[in-house]
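Asker: heads up, no residue letters with this:
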């Protein structure tokens, strides 16, 4: 049974997609053991509570230094004894010591087709604003492993979504979530839970 911890900063729509997929059997062999947010007002915490999942807030604002936060944050994550950490809209930089300790056991969902519209400064609506400004015809989402860079880890899954005439950043964001993010994030977790994901020469190999 894969023990999954989900880290989230906001509403938790991707968290909800994971919860639903576990409960309906789309994700197999998996248990969500905890949810951590850096935002005490995150609706994601309420979503977790509704499904009996332990949830807590650990915010950098509550610590005098970032190093102190990083230590406590890592301790709290370790207490969950998670096999996989899922970043589902988590807007805090993951400490390098945590990346080392959980090498190839942290995954992230990013709302673009990496390497387009990714890296420092590209998050949330900013991704979709940039895509529309550039006039691209296809956008999408990417699930990838987390390394020391920003959106630079090995890519697990990607799914494309068409840009439509009259799209606003908000409309495009919603379509990318519905058509891509909420589908490939649960799919990636299920593949990992069933031992179908390997990293070979820095790239992901998926066995069926």
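Answerer: Okay, I see it. Quantities reported herein were computed from a predicted structural model and do not represent experimental measurements.
Asker: what's the longest helix in the chain?
Answerer: In the chain, assigned by DSSP state H, the helix with the most residues is helix 66-79.
Asker: chain center to that helix: distance?
Answerer: Centre-to-centre, helix 66-79 and its host chain are 19 Å apart (Cα atoms, centre = their mean, to the nearest Å).
Asker: now the element after it, going C-ward?
Answerer: Next helix or strand after helix 66-79 toward the C-terminus (DSSP states H and E): strand 84-87.
Asker: list the contacts of that next one.
Answerer: Residues outside strand 84-87 that contact it (Cβ atoms under 8 Å, 6 or more residues apart in numbering): 2-8, 18, 77, 94, 102, 105-109, 146, 185, 189, 192-193. Bear in mind the C-beta positions are built from the backbone N, C-alpha and C, glycine included.
Asker: buried ones in it, by neighbour count?
Answerer: 84, 85, 86, 87 (16 or more other Cβ atoms under 10 Å).
Asker: same thing with stretch 58-66?
Answerer: residue 58.
Asker: ditto for stretch 20-32
Answerer: When burial is assessed from 16+ other Cβ under 10 Å, stretch 20-32 yields the following buried residues: 21, 22, 26, 27, 30, 32.
Asker: closest one of these to residue 72?
Answerer: Looking at the buried residues of stretch 20-32 and their distance to residue 72, the nearest is residue 32, at 21.6 Å (Cβ to Cβ).
Asker: does that closest one touch residue 21 like I think?
Answerer: No. Counting by Cβ atoms under 8 Å, residue 32 does not reach residue 21; the two are 10.2 Å apart.
Asker: tell me the helix or strand right after the strand or helix carrying residue 3.
Answerer: Element membership for residue 3 (DSSP H and E) is strand 2-8. Downstream of strand 2-8, the first helix or strand assigned by DSSP H and E is helix 13-24.
Asker: would JSON lines of the buried residues of strand 84-87 with pLDDT and distance to residue 128 be doable?
Answerer: Listed next are these as JSON lines, based on pLDDT from 0 to 100; distance: Cβ to Cβ, whole Å:
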{"residue": "84", "pLDDT": "98", "distance to residue 128": "27"}
{"residue": "85", "pLDDT": "98", "distance to residue 128": "25"}
{"residue": "86", "pLDDT": "98", "distance to residue 128": "22"}
{"residue": "87", "pLDDT": "97", "distance to residue 128": "19"}
